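Undergrad: sequence? don't have it. structure:
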């Protein structure tokens, strides 16, 4: 999940979805409720710790943090020098997610298939949207944080892409670089409120409309393939203060030639596909 979150356009939620720990993740975050806060404020730290899924989230966050620390520079280098090859691997990995998740469905019917198609098409066009100019008021910074974290936890949609779309990716990078504590705290407040509210909605949807929710989330995954198609032509980009180039708008293209690199791309996509099924084959008891 940590490696996926480093790559623009790929969500760590997609990996959780593929490994079938997505619902466990939602329930674990949901465990941080008013009862936990009440116990915490009363100084009952042991009881508070027992009321939340801290072992699950702790192990998960530790793994994500390690991946970001160990692989972010490698992934950034690959994105700068070999984006086609990197996208090819993850394209195959995400394609494999679809048949894996399809088995989670209790029963398919025309309504669920229609929902899957609408969700896929909607996400396909959504990830092509061009960033807009937005206000820099406190409420919009709060809203941006809340929306970005909701997107990050959804499979197929990148939180970084949402910030880019809202015109707040560079803005928040500058705020962090310049240590503008007020802006950072407002943004973090939006993240906290956003995730604690959104997981409750997701848990309710899984409880009441399990298969329809799975169909919608699977559509998100399918539609996101548009964002990581290996061959692209950059239309618009910006350069951050650190010299990092961020792609604002691009379009998918066909392979320029059916040469050796094309074969490598195919092999990497197949490797990604096989990796997804290999990860999924890990006994679920080791993931919980």
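TA: That came through, no problem. What you see is a predicted model; the values in this text were computed from it and never measured.
Undergrad: residue 224 and residue 84, how far apart?
TA: Distance, residue 224 to residue 84, by Cβ to Cβ, to the nearest Å: 17 Å. Using the backbone N, CA and C atoms, a C-beta is placed for each residue, glycine as well.
Undergrad: these two: who's more crowded?
TA: residue 224 (26 against 17; other Cβ atoms under 10 Å).
Undergrad: residue 50: neighbouring residues, count only.
TA: 11.
Undergrad: for the chain, what spans make up the strands?
TA: 232-239, 245-252 (DSSP state E).
Undergrad: sheet partners, orientation included, of the first one?
TA: Strand 232-239 has its sheet partners listed here by DSSP bridges as strand 245-252 (antiparallel).
Undergrad: just the mean pLDDT for the strand it pairs with, thanks.
TA: Averaged across strand 245-252, the pLDDT comes to 74.
Undergrad: show me what contacts the closest residue to residue 113 other than its chain neighbours?
TA: Once flanking residues are discounted, residue 113 sits nearest to residue 215: 7.6 Å by Cβ to Cβ, 6 or more residues apart in numbering. Residues near residue 215 by Cβ atoms under 8 Å, 6 or more residues apart in numbering: 105, 112-113, 115-116, 119.
Undergrad: just those: which are in helices?
TA: Among the contacts of residue 215, DSSP state H puts 112-113, 115-116, 119 in helices.
Undergrad: out of those residues, which are buried?
TA: Buried by 16 or more other Cβ atoms under 10 Å: 112, 115-116, 119, out of the ones in helices among the contacts of residue 215.
Undergrad: which of those lies closest to residue 96?
TA: For those, the residue nearest residue 96 by Cβ to Cβ is residue 116; the value is 16.7 Å.
Undergrad: distance of that closest one from residue 105?
TA: According to Cβ to Cβ, residue 116 and residue 105 sit 9 Å apart.
Undergrad: repeat for residue 201
TA: 21 Å.
Undergrad: more neighbours: which of these two?
TA: residue 105 (16 against 11).
Undergrad: mind checking pLDDT for that one?
TA: 78.
Undergrad: which residues touch it?
TA: 112, 211, 214-215.
Undergrad: could you pull up phi and psi at it?
TA: With angles defined as degrees, to the nearest 10, residue 105 sits at phi -60, psi 130.
Undergrad: not counting its neighbours along the chain, what's nearest residue 1?
TA: Residue 1 sits nearest to residue 12 (Cβ to Cβ, 6+ apart), 3.5 Å away.
Undergrad: and the gap between the one you found and residue 159?
TA: Distance, residue 12 to residue 159, using Cβ to Cβ: 9 Å.
Undergrad: common neighbours of those two, please.
TA: 5, 152.
Undergrad: out of the contacts of residue 105, which are inside helices?
TA: Those of the contacts of residue 105 lying in helices (DSSP H): 112, 211, 214-215.
Undergrad: and which of those residues is nearest residue 148?
TA: Nearest to residue 148 among the ones in helices among the contacts of residue 105, with distances taken as Cβ to Cβ, is residue 214, at 23.5 Å.
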